[in-house]
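Colleague: predicted coordinates and the sequence they were generated for:
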Amino acid sequence: MSDASHEVLFLADVMLGRLARWLRLLGFDTLYYNDISDNRLLRIAKEQGRFILTRDTRLVKIKGIKDYLLIKANDSFSQLLEVIDTLKLTRFNLLSRCVKCNGMLTRILDKNEIKDSVPEFVFLHFNLFLRCSDCGKVYWEGTHPRKFREKLSEVLK
């Protein structure tokens, strides 16, 4: 697969919720439902041109499935590396998607807009805020993004 990284649309099966979050952190459009049937998963993948990520060996034996990756790793970070390595992904758009719902994040230009949406300490000590255009969740540059970048850079060297 050539690296048209952000043209790849993923659909993670019910066993891969944490992997879906990691992919969203990297900026990939990744759908995940914790209670989706195989038939509905296959229908969505086909209708939206999504690449299926699964641990279900039964699922990949269904006739007509061609764009999928059967994930072998057990922990979510190893699964992420498996996806990156197998699909030769090299371009990432960190912190551009909501890890909760997959919506796009937009920068808050006036932090007073989110004063009542974050703890007072956070409002007073941070200046860069992002908000999900779908669910409204607010993100800020705390320790999580820094730790995430450090862990990721170790792996992607």
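Modeller: It's in. Residues are numbered from 1 along each chain as shown.
Colleague: contact partners for M104?
Modeller: M104 is in contact with 96-98, 132-134, counting by C-beta atoms under 8 Å, 6 or more residues apart in numbering. No exception for glycine: its C-beta is placed from N, CA and C like everyone else's.
Colleague: list only buried entries from those.
Modeller: Judged by neighbour count, with 16 or more other C-beta atoms under 10 Å as the criterion, the buried members of the contacts of M104 are 96-98, 132.
Colleague: now, which of the contacts of M104 lie within strands?
Modeller: When DSSP state E defines the strands, the subset of those inside them is C132.
Colleague: just the closest of the contacts of M104 to L70, please.
Modeller: Taking C-beta to C-beta as the measure, L70 lies nearest R97 of these, at 24.2 Å.
Colleague: my read: that closest one touches D29, true?
Modeller: Yes: because the distance of 7.1 Å satisfies C-beta atoms under 8 Å, R97 is recorded as touching D29.
Colleague: so which strand or helix has L53?
Modeller: Under DSSP states H and E, the secondary-structure element containing L53 is strand 51-54.
Colleague: what's the mean pLDDT across that strand?
Modeller: Computed over strand 51-54, the mean pLDDT rounds to 97.
Colleague: contacts for stretch 69-78?
Modeller: By C-beta under 8 Å, 6+ apart, stretch 69-78 touches 16, 18-19, 21-22, 51-55, 57, 60, 79, 81-83, 86-87, 151, 155.
Colleague: next, count neighbours for D67.
Modeller: As a burial measure, the neighbour count of D67 was computed by other C-beta atoms under 10 Å and equals 15.
Colleague: ok, and the closest non-adjacent residue to it?
Modeller: The shortest distance from D67 to any residue that is not its chain neighbour, by C-beta to C-beta, 6 or more residues apart in numbering, is 4.8 Å, and that residue is F51.
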